[in-house]
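Asks: sequence and computational prediction follow.
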Amino acid sequence: MTAASIANSSGSADTAGASSNVTDSDVLVIGAGFGGIASALRMRARGYSVTLVDRLQAIGGRAQVFERGGFRHDAGPTVITAPFLFDELFELFDERREDHLEFRPLDPWYRFHFDDGQQFDYRPGIEDTNDEIARFDKGDIKGYARLLKTSKAIPLYNKYK
């Protein structure tokens, strides 16, 4: 590891090099994107001492802004599909997400651009998304309905909804 951003359970953050010695943690989480941060927070809420390590200089994974070639780039998450999971993380520490962070709904959520010039807008409304699917293949609407049904059957989805 040539450089890593380490956030320990005391809340401080350091830049560590290859000679870093992390020995005083109950839990080591490798990867400080949203998933790694969420895992570290859940372990910390359970009372573990946690060290969070990432190969980049800053935590956040794709949720970063960086400058390259004189331009500022947003490498942020493509779409946050489960905002209730963020609420759950704040609640673990008796906090409210709304007091720290505002989510703004987007429409479309996601836009796909194809090499033939077509685009597909993934939208918040199921009917709107079905209309987009139908522009490509009406038969795929049934597959999308199966995907939604399967997703809703996942226990984690139902726990926080």
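Replies: Good, I have the coordinates. Predicted model only: the values in this text are computed from it and were never measured.
Asks: residue 83: what's it in contact with?
Replies: Neighbour list for residue 83: residue 103 [criterion: Cβ atoms under 8 Å, 6 or more residues apart in numbering]. Quick note: C-beta positions are derived from backbone N, CA and C, even for glycine.
Asks: residue 47: what secondary structure?
Replies: At residue 47, secondary structure determined by DSSP: H, G, I helix; E, B strand; the rest coil is coil.
Asks: repeat for the one 10 residues further on
Replies: What three-state DSSP gives for residue 57 is coil.
Asks: roughly how far apart are residue 72 and residue 51?
Replies: The gap separating residue 72 from residue 51 is 31 Å, by Cβ to Cβ, to the nearest Å.
Asks: for those two, indicate the residue with more neighbours.
Replies: Each of residue 72 and residue 51 had its neighbours counted (other Cβ atoms under 10 Å), and the higher figure belongs to residue 51 (22 against 8).
Asks: what sits against the residue nearest the centre of the chain?
Replies: Geometric centre of the chain, nearest residue: residue 34, 4.2 Å, by Cα atoms, centre = their mean. Under the criterion of Cβ under 8 Å, 6+ apart, the contact partners of residue 34 comprise 60, 61, 62, 63, 77.
Asks: how near is residue 57 to residue 30?
Replies: For residue 57, the distance to residue 30 under the criterion Cβ to Cβ works out to 16 Å.
Asks: how does the chain divide into domains?
Replies: According to the domain assignment given by automatic domain parsing, the chain is divided into the following structural domains: 1-104, 107-161.
Asks: as a markdown table, those domains with mean pLDDT would be great.
Replies: What follows is the domains of the chain, written out as a markdown table (pLDDT from 0 to 100):
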| stretch | mean pLDDT |
| --- | --- |
| domain 1-104 | 79 |
| domain 107-161 | 88 |
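Asks: deepest in the core, which of those is it.
Replies: Across the domains of the chain, averaging neighbours per residue (mean count of other Cβ atoms under 10 Å) puts domain 1-104 on top, at a mean of 14.
Asks: so residue 90: helix, strand or coil?
Replies: Three-state secondary structure (criterion: three-state DSSP) places residue 90 in helix.
Asks: test my guess that it contacts residue 103.
Replies: No: with contact defined as Cβ atoms under 8 Å, residue 90 and residue 103 do not form a contacting pair (12.0 Å).
Asks: quick one: end-to-end length of stretch 52-70, please.
Replies: One end of stretch 52-70 sits 31 Å from the other (Cα to Cα, to the nearest Å).
Asks: one more: stretch 110-124?
Replies: With Cα to Cα as the measure, stretch 110-124 spans 9 Å from end to end.
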